[in-house]
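A.B. asks: model the structure of this input:
(2 chains)
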Amino acid sequence: MCVLFSKAASAQKDLLSFNEQNKYIYYQVVQQPGSTADTLQSRALYFLQKAYPKNKIKQGETSGNFTGTGQFLILSGIATVKHVDGEINYTYYIECKDQKYRYWLTDFVFTPYKVDRYGNSVPEPGIDIPMETASTKLDKKQAENYLNQIGAYSKQFGEALKHYMLKPAALPKEEKKKVISTKDW
Amino acid sequence: MKKKFLLLLLAASTYGFASKAQDTVKTTADAPLVLYGSVDTYYKDDFSGHANIPTSFASDNNSISIGMVDLGLKKTVGNASFVGELSFGPRSDESIPTAGYHIQNLYVSYNLSSKLNATAGYMSTFIGYEVISPAANFNYSTSYLFTNGPFQNAGFKLTYTFSDKVSLMAGIFNDEWNVYTSEHDVSTFGAQLTITPVKNWTAYLNVATGPTSGTEFDLTTAYQITGAFKLGLNAATFTPPHYGGGFDGVALYPQLAVSKAVTLGFREEYFKSKTEDAGSTYVDAGPVAGGSVFASTFTANIKAGPMTFIPEIRLDSINKQEYSSFTDSSGAPSTSATQFVLAAVYAF
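C.D. replies: Presented below is the predicted three-dimensional model:
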């Protein structure tokens, strides 16, 4: 099982390609027949607000798209106990049209963390490493591990977006308590 | 026993998978249980043949000696978090005066709002540039300012973040530094104003004052001016509660990364032991009261993955013989001392 997991994890890096600026990109086009651009746009906005509330959102230059920035932690270590190596800052883009949408994540920049005097993991100021140059500034294994985590995160971002795009943008349903009446048999 | 362990492991794994399966679109999670720490060892050679420089740690001369193993665990769930950091070894013993205790940090913290945090427990001090953990210091030997300042403060503090550029901490701490329980009361007031004037430059203005602990004002600042060059500064003044004495000092820390693996650094420190009134029992680690010392330390950090090799040469020079406790190789009094240290620190 460990071997399978390891192979699956290492494959995540292959989900990334290079764009015209020679930067790593996770790019997907998704067909969604029966949905208008307006519908997809409102669902995309709801997705960003609910699933990634800490991400910065701004409306794109043309209607129907969103762009912004986000970040996530890079971890290493064994299953339940982790070490925080740093954070990845990235740029995302979502564009909606009738019956389809596309999105990408790019501009992945790694900032290493250090442990401060209180035991907190905090960014090392002034050290930002674009992942395209990571091999010159990080160990090869480290760089590969981080690219795998970027691939896995991007895939998760896409899966969550797909989930939100498929269902109407509604408030979460109120959970009903399961009540059993002891009066009835 | 083995079977029980395997069953427990299986149950834990199953629980993990089951929990995951119930919410396939969850994109944010509480931070995992984080493990961090370091292990360090060193060799020191004072050119006189015996140890002279009185600053903290790396105290054994002509010996391959150990520092400490430092092991921290932390976890955040929602707004609540804890940190527990244990240490063992000579470096730990020198940093914790209470025999048998091995705790560097033990505190709980709660975000009362997005801007206000409350923390209580035993924490590394908020004062000074250098710290106990060798993994968080650039130089392996320590400064006089560090050695004579507080290492830890037990207490309760509130931190309010006004903006990305300004925050203020204020707290009440035990009457004495570096102890787990107060001698009499909780009477040291501490505050820290944090300012970030520009990106990559942070300055901390600190004060700790109390009728038992005395009063220390401290400025600690670091500016990563370019990707390769960093400049740090620490200045402090301390006055004990009675009979004068204490110290003044300033230390400058320029550091230059010359390659992916190598950073060169220099620490230049001036430290003055203030004169004392009759009846004073205050003693600092440094020149005799009234004297001053310049300490120049050249250090390299050579990184190999999680390991850092630290070769270092240090020259301390006291202004007058009458204030010096240094002796040369023949045992005669001297105003200067020179030492070489080679340390290896593994951090995780």
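A.B. asks: show me the strands in chain A, by range?
C.D. replies: Secondary structure of chain A (DSSP state E): strands at A:17-18, A:24-31, A:56-59, A:65-77, A:81-97, A:100-115, A:121-123, A:129-130.
A.B. asks: I'd like the ones you listed as CSV, with mean pLDDT appended.
C.D. replies: Below are the strands of chain A laid out as CSV (pLDDT from 0 to 100):
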stretch, mean pLDDT
strand A:17-18, 90
strand A:24-31, 95
strand A:56-59, 75
strand A:65-77, 88
strand A:81-97, 90
strand A:100-115, 94
strand A:121-123, 89
strand A:129-130, 93
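A.B. asks: show me what from chain A comes close to chain B.
C.D. replies: A:51-54, A:73, A:75, A:77, A:80-84, A:114-121, A:124-127, A:136-137, A:139, A:156-157, A:159-160, A:163-164 (C-beta under 8 Å from any C-beta of the partner chain). All C-beta spots, glycine's among them, are computed from the backbone N, C-alpha and C.
A.B. asks: from the contact counts, what lies against the longest helix along chain A?
C.D. replies: Assignment by DSSP state H gives helix A:140-166 as the longest helix of chain A. Where contact means 3 or more C-beta pairs under 8 Å, 6 or more residues apart in numbering or on different chains; DSSP states H and E, helix A:140-166 is packed against helix A:2-11, strand A:24-31, helix A:37-51, strand A:65-77, strand A:81-97, strand A:100-115, helix A:134-137.
A.B. asks: how distant is the second one from the center of its chain?
C.D. replies: Centroid separation for strand A:24-31 versus its chain: 12 Å, with C-alpha atoms, centre = their mean, to the nearest Å.
A.B. asks: mind listing what's buried in it?
C.D. replies: A:24-28 (16 or more other C-beta atoms under 10 Å in any protein chain shown).
A.B. asks: shaky segments in chain B?
C.D. replies: Across chain B, the ranges flagged by pLDDT under 70 are B:1-31.
A.B. asks: how about the residues of it by chain A?
C.D. replies: Within reach of chain A by C-beta under 8 Å from any C-beta, chain B has these residues: B:24-25, B:27-28, B:31-36, B:72-74, B:83, B:85, B:105, B:107, B:123-125, B:131-133, B:135-136, B:199-202, B:222, B:224-227, B:230, B:260, B:305, B:347-348.
A.B. asks: just the buried members of those residues?
C.D. replies: Buried, going by 16+ other C-beta under 10 Å: B:27, B:32, B:34-36, B:72-74, B:83, B:85, B:105, B:107, B:123-125, B:131-133, B:135-136, B:200-202, B:222, B:224, B:230, B:347, out of the residues of chain B next to chain A.
A.B. asks: in strands, which of the residues you listed fall?
C.D. replies: The strands, defined by DSSP E, take in B:34-36, B:72-74, B:83, B:85, B:105, B:107, B:123-124, B:201-202, B:222, B:224, B:230, B:347 from these.
A.B. asks: and of the buried residues of strand A:24-31, the nearest to chain B?
C.D. replies: residue A:26 (14.8 Å; C-beta to the nearest C-beta).
A.B. asks: beta-bridge partners for the closest one, please?
C.D. replies: Note on residue A:26: beta-bridge partners by DSSP bridges are residue A:105.
A.B. asks: residues contacting it?
C.D. replies: Going by C-beta atoms under 8 Å, 6 or more residues apart in numbering or on different chains, residue A:26 touches A:15-17, A:104-106, A:150-151, A:154-155, A:157-158.
A.B. asks: now with 6 Å?
C.D. replies: Residues near residue A:26 by C-beta atoms under 6 Å, 6 or more residues apart in numbering or on different chains: A:15-16, A:105, A:154.
A.B. asks: ok, residue B:296 next?
C.D. replies: Neighbour list for residue B:296: B:268, B:315 [criterion: C-beta under 6 Å, 6+ apart].
A.B. asks: what residues are bridge-paired with it?
C.D. replies: Going by DSSP bridges, residue B:296 is paired in beta bridges with residue B:268, residue B:315.
A.B. asks: ok, the closest residue to chain B within chain A - contacts?
C.D. replies: Using C-beta to the nearest C-beta, the single residue of chain A nearest to chain B is residue A:126, 2.9 Å away. Contacts for residue A:126 (C-beta under 6 Å, 6+ apart) come out as B:200, B:224.
A.B. asks: hmm, 7 Å instead?
C.D. replies: B:200, B:224, B:227 (C-beta atoms under 7 Å, 6 or more residues apart in numbering or on different chains).
A.B. asks: any idea how far the nearest residue to the second one once chain neighbours are set aside lies from residue B:257?
C.D. replies: Leaving aside its sequence neighbours, residue B:224 sits nearest to residue A:126 (C-beta to C-beta, 6 or more residues apart in numbering or on different chains; 2.9 Å). Residue A:126 sits 10 Å away from residue B:257, taking C-beta to C-beta, to the nearest Å as the criterion.
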